[in-house]
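Asks: Give the three-dimensional model of this entry:
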Amino acid sequence: MSEEANDSPAGIVESTQTLFTDGAWVNAIVPFLIDLGVAIAVWIVGFWIVKFLVSLVRRALSLRKFDDALQGFLLAIMATVLKFIVVVAALEVLGVPTTSFLAILGAAGLAVGLALKDSLANFASGVMLIIFKPFSIGHFVEAGGVAGIVEKITVFNTIFRSPDNKEIIVPNSQVYGGTIVNVSAKPTRRIDLVFGIGYDDNIKKARQLMLDIINADERVLKDPAVVIAVDELADSSVNFVVRPWVNAEDYWDVKWDLLEKIKESFDANGVSIPYPQQDVHMHQVAS
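Replies: Numbering: from 1, shown residues only. This next block holds a predicted model:
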């Protein structure tokens, strides 16, 4: 009968009143409040320590002149891991069973990983790009089906700026998984030009005209020496290959100037640049 009385509304009220009148609630609440305070202190101090350590590592990496993209990636991973440790420590102080929590988190991570396998592939490719550095910020690169200046490398995407100033965002898996052409990797580049002259024109004269213009341009390097040679006897023209070497930053300016000046020199000296043509022979058949 006494148990039934304690389960009744009146019994619950009486038990509650007893809890507060005899001071038992203090023994129940105070330890929890202390643990909560300690957990909050662990949280605050832990996050401050994480911030301090990340700042310290950032300065160390800057002094060693680490790549900016690599710095950002390493610091982001470091901050995430340390903050996770702080959260687990705070939960441990509160008495939360962290072993079960970590097991649940691991299962959830597996499920998320399967759902986001493409994102994980981009992440893995981003790690490879940052570690092995096939290109750096500011390089002109052809990769992932686009060409442009690399502006930023993140753990999921690489951001390019096209020559006409468009921003192009390409998943890292497409960049690292395909052919990468780094135009800026070497200090010098070779310009490949093709000029055709008519079959009736003087080959030696045409070669000398091109050589004079190239030698007059101070931006063209003397070593390696320029190559000017007959490469093809085409249907309508005799084709020369012209291959001077220049510094990488002078590539486009020199190429455009040579195209214009050689054309003008050919015109002024009677060397023709033929266009594709066909001879049509008409035969009259007697009716």
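
Asks: neighbours around Tyr251, how many?
Replies: In terms of burial, Tyr251 registers 18 neighbours under the definition other C-beta atoms under 10 Å. (Each C-beta comes from the backbone N, C-alpha and C, glycine too.)

Asks: how close does it get to Ile29?
Replies: Counting by C-beta to C-beta, to the nearest Å, the separation of Tyr251 from Ile29 is 76 Å.

Asks: which regions of the stretch 51-200 of the chain sit below the pLDDT cut-off?
Replies: 66-70, 96-98, 100-102, 104-105, 107-117 (pLDDT under 70).

Asks: now Leu221: how far from Leu211?
Replies: Taking C-beta to C-beta as the measure, Leu221 falls 15 Å from Leu211.

Asks: The host helix or strand of Leu56 packs against which elements?
Replies: Element membership for Leu56, per DSSP states H and E: helix 24-63. In terms of contact count using 3 or more C-beta pairs under 8 Å, 6 or more residues apart in numbering; DSSP states H and E, helix 24-63 is assigned the packing partners helix 9-21, helix 68-94.

Asks: Give me the buried positions along that helix.
Replies: Neighbour-count burial for helix 24-63 flags Ala39, Val42, Trp43, Gly46, Phe47, Val50, Val54, Arg58, Leu61 (criterion: 16 or more other C-beta atoms under 10 Å).

Asks: Can you list the buried residues in stretch 159-177?
Replies: Neighbour-count burial for stretch 159-177 flags Ile159, Phe160, Arg161, Ile168, Val170, Pro171, Asn172, Ser173, Gln174, Val175, Tyr176 (criterion: 16+ other C-beta under 10 Å).

Asks: Using the three-state scheme, assign Gly196.
Replies: Under the three-state scheme (DSSP: H, G, I helix; E, B strand; the rest coil), the conformation of Gly196 reads as strand.

Asks: ok, for it, nearest residue in space, not its chain neighbours?
Replies: By the measure of C-beta to C-beta, 6 or more residues apart in numbering, the closest residue to Gly196 outside its immediate chain neighbours is Ser237, 3.2 Å from it.

Asks: could you measure the closest residue to Asn182 other than its chain neighbours against Gly148, distance?
Replies: For Asn182, the nearest residue in space outside its immediate sequence neighbours is Phe135; the separation is 4.8 Å by C-beta to C-beta, 6+ apart. Here the criterion is C-beta to C-beta. By it, Phe135 lies 11 Å from Gly148.

Asks: Check the contact lists of the two and give me the overlap.
Replies: Here Phe135 and Gly148 have Val141 as joint contacts, going by C-beta atoms under 8 Å, 6 or more residues apart in numbering.
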